[in-house]
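K.L.:
got a sequence here, can you build the structure:
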Amino acid sequence: MPRADKLRHKVLALVPRDDSPANSQIRHGAIASVCRHLPGGIGQFIDLARLAKSSEPKVTGFLDAWEELDTPAQCEPSSADALCAQIGLDPLVILRAALQSAIEISALTSGLIAAVALPEVVETGICSALEPKGHRDREMFLQHSGFLPVPRGATVGVFNQIGPNVRDPSYVPFEQDILELDEASDETADAASRTGAGHTR
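P.N.:
Predicted structure coming up:
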């Protein structure tokens, strides 16, 4: 019997066909339980696992064995748990790999959506800031541009910040610049006052 057929028969033998207590562990296995909450079920889970092949070598062995199963077995979430039991692989290894793929895809998708929408959001924010009641939007833009200090503990993030880099030693925050100008003005006034007093005497 070919290797693929042997593996398929072994896995199918482990896939539960009834609700007996002996089959409970496989039927309600870790992967099968997760797949019940995925919109795409076991198919979506396997797709996520495939994306993690390069980062987790053990996933490759699981997927190679998965491809040797027939279509009916691949449609049954319990087959994934049964396959892990057959090849001696902890299902959590596959779950963690799929989770990492899902997190990365979600982050990239969210970033792309936000990046594409950013110009329109900024334009809308500017229009709102120009309105008499747009003080919150004006405050946000002034903080982003450096004309107002950002409250301690707060963060203003953008994809591509236009303007001076705060790490640039030549950059002086607006509020610091104003304080230095005030101090210079006071010193100039004091010097002028002392000079005037000297001429008076």
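
K.L.:
rest of the way, CA atoms for contacts and neighbours
P.N.:
Will do.

K.L.:
where does the chain have low pLDDT?
P.N.:
1-28, 153-201 (pLDDT under 70).

K.L.:
any idea how far residue 118 is from residue 54?
P.N.:
Separation of residue 54 from residue 118 (Cα to Cα, to the nearest Å) stands at 33 Å.

K.L.:
more neighbours: those two, which one.
P.N.:
Ranked by neighbour count (other Cα atoms under 10 Å), residue 54 and residue 118 place residue 118 first, with 14 against 10.

K.L.:
now do the helices in this protein.
P.N.:
With DSSP state H as the criterion, the chain has helices at 3-14, 24-27, 30-35, 41-51, 57-67, 71-74, 78-87, 91-129, 135-145, 174-200.

K.L.:
so which bits of the fifth one are buried?
P.N.:
So the one you mean is helix 57-67. Residues 58-60, 62-63, 65-66 are the ones in helix 57-67 that count as buried (16 or more other Cα atoms under 10 Å).

K.L.:
which helices and strands sit right next to it?
P.N.:
Other helices and strands packing on helix 57-67, by 3 or more Cα pairs under 8 Å, 6 or more residues apart in numbering; DSSP states H and E, are helix 41-51, helix 78-87, helix 91-129.

K.L.:
what's in contact with the first one?
P.N.:
Around helix 41-51, the neighbours that count as contacts under Cα atoms under 8 Å, 6 or more residues apart in numbering are 32, 35, 38, 59-60, 63, 74-77, 94-95, 97-99, 101-102.

K.L.:
what are the buried residues along stretch 81-92?
P.N.:
81-84, 89, 91.
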